[in-house]
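>>> Sequence first, then the predicted structure:
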Amino acid sequence: MRIGRTVAWGYLVVVLLVTIFPFYWILRTALSNNFAMSTDPSSLLPVDFTWGPFKRALGLATPAKAAAEGGSGAKIDLALALWNSVVYAGLLTLCTVVFSALAAYAFARLRWKGRDVVFGVLLTALMVPSVFTLLPNFVLMKDLGLLNTFGGMILPGAFFSAFNIFFLRQFMLGLSNEVEEAAIIDGAGPLRVCFRIVLPMSVAPMATLTLLTFITTWNDYFWPLLVTNDESVRPLTLALAVFKQSSPQASLDWAGLMAATLVAALPMLLLFVVFGRRLVNSIGFTGIK
């Protein structure tokens, strides 16, 4: 038993190190002098430690100071890009979770003709790769004149998410009927039952979906790339790509790019640290295996 426990802990330590090491390497690169990194590329510690890359990423470094530390001269409006990502991810998450909760309530708690057939059709959406819908959605947004707007970025995914509906339906099916039946006897209609009873009882899985949807949207790259080319609505993922592409290939500012990437990833890491336990518990409550 002791040998088995030792092996298990050793395996967990190895997995933990493999998982954490890429983040450590990003931090090591972000704290290095861009010129000096080429002199000792295999060093596990920052090469010629400096806060310069973070200053360049945040727009606080002077051109002369940036050039002295190997900065490429490319700029990124990190504050604007962060704000755009917050607006994009926040609004899309709000719309998706709210409408998915309403649909899940209809499939789980209401009785109507053809419900199971419609739900079966809904499940087929889980088997359709999202890349298949990109071109039709792009054409639709173009025809509506919503390119280079937050509306064009948000609208295609705001009203429907097959996984979110399925996830919440599984939880709502396990809710007790007694409180709902008592409310109906007292004269409550479906909407009142939904908003006053079922949804408050489903806060935990809705919080999980909010977290998952926000993180997925925050990291989204391809759809914003299709519908935006204006800096005023460009999210952080695109801003980082533009920063890299704007750098001369002969003097790419890897330290500055890693610093900006770390700043971009920090909100997501904090979300996982704060809400990680709730995420695991809520997935268990749904009965999904």
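Okay, I see it. Predicted, not measured: the structure shown is a model, and the values here were computed from it.
>>> Run through the stretch 51-200 of the chain and note the low-pLDDT ranges.
70-75 (pLDDT under 70).
>>> Domain-wise, how is this protein divided?
Under automatic domain parsing, the residue ranges defining each domain of the chain are 2-74+247-288, 88-227.
>>> how about those in CSV, adding distance to Leu238?
Every residue, glycine included, has its C-beta placed from N, CA and C. CSV is the format used below for these (distance: least, C-beta to C-beta, whole Å):
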stretch, distance to Leu238
domain 2-74+247-288, 11
domain 88-227, 5
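>>> Throw those domains into a markdown table and include mean neighbour count, thanks.
Listed next are the domains of the chain as a markdown table, based on neighbours: other C-beta atoms under 10 Å:
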| stretch | mean neighbour count |
| --- | --- |
| domain 2-74+247-288 | 15 |
| domain 88-227 | 16 |
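>>> can you tell me which of the ones you listed comes nearest to Thr237?
Within the domains of the chain, the stretch nearest Thr237 is domain 88-227; the backing value is 4.4 Å (C-beta to C-beta).
>>> so how far is that closest one from its chain's centroid?
For domain 88-227, the separation from the chain centroid amounts to 16 Å (computed by C-alpha atoms, centre = their mean, to the nearest Å).
>>> can you tell me the distance between the two ends of that domain?
Terminal residues of domain 88-227 are spaced 13 Å apart (C-alpha to C-alpha, to the nearest Å).
>>> again, but for stretch 50-60
Start and end residues of stretch 50-60 are separated by 14 Å (C-alpha to C-alpha).
>>> I'd like to know the phi and psi angles of Val47, please.
phi -90, psi 120 (degrees, to the nearest 10).
>>> what's near enough to touch it?
Contacts here follow C-beta atoms under 8 Å, 6 or more residues apart in numbering; on that basis Val47 touches 32-33, 36-37, 39-40.
>>> again, but for Ala188
Listed by C-beta under 8 Å, 6+ apart, the contact set of Ala188 reads 196-197.
>>> Assign it to helix, strand or coil.
coil (DSSP: H, G, I helix; E, B strand; the rest coil).
>>> what about it, distance to Phe195?
For Ala188, the distance to Phe195 equals 10 Å [C-beta to C-beta, to the nearest Å].
>>> Quick one: the contacts of Val47 as CSV, columns for distance to Asp116 too.
Formatted as CSV, the contacts of Val47 follow (distance: C-beta to C-beta, whole Å):
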residue, distance to Asp116
Ser32, 59
Asn33, 63
Ala36, 65
Met37, 60
Thr39, 66
Asp40, 64
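>>> which among the residues you listed gets closest to Gly90?
Nearest to Gly90 among the contacts of Val47: Ser32, at 33.6 Å, using C-beta to C-beta.
>>> Secondary structure class of that closest one, three-state.
Ser32 falls in the coil class when you classify it by three-state DSSP.
>>> Please tell me I have it right and it contacts Leu44.
No. The criterion here is C-beta atoms under 8 Å, and Ser32 misses it with Leu44 at 11.3 Å.
>>> Report pLDDT for the residue positioned nearest the centre of the chain.
Among the residues of the chain, the one closest to the centroid is Ile215, at 1.6 Å (C-alpha atoms, centre = their mean). Predicted confidence (pLDDT) for Ile215: 88.
>>> host element of it?
Using DSSP states H and E, Ile215 falls within helix 203-218.
>>> list the helices and strands that helix packs on?
Helix 203-218 is packed against helix 78-109, helix 162-173, helix 254-286, with contacts defined by 3 or more C-beta pairs under 8 Å, 6 or more residues apart in numbering; DSSP states H and E.
>>> now for the helix or strand harbouring Val13, which elements pack on it?
Val13 is part of helix 2-30, with elements assigned from DSSP H and E. Packing partners of helix 2-30 (3+ C-beta pairs under 8 Å, 6+ apart): helix 52-57, helix 254-286.
>>> after the helix or strand in which Leu123 is found comes which helix or strand?
Assigned by DSSP H and E, Leu123 belongs to helix 115-124. Using DSSP H and E, the helix or strand that directly follows helix 115-124 along the chain is helix 134-143.
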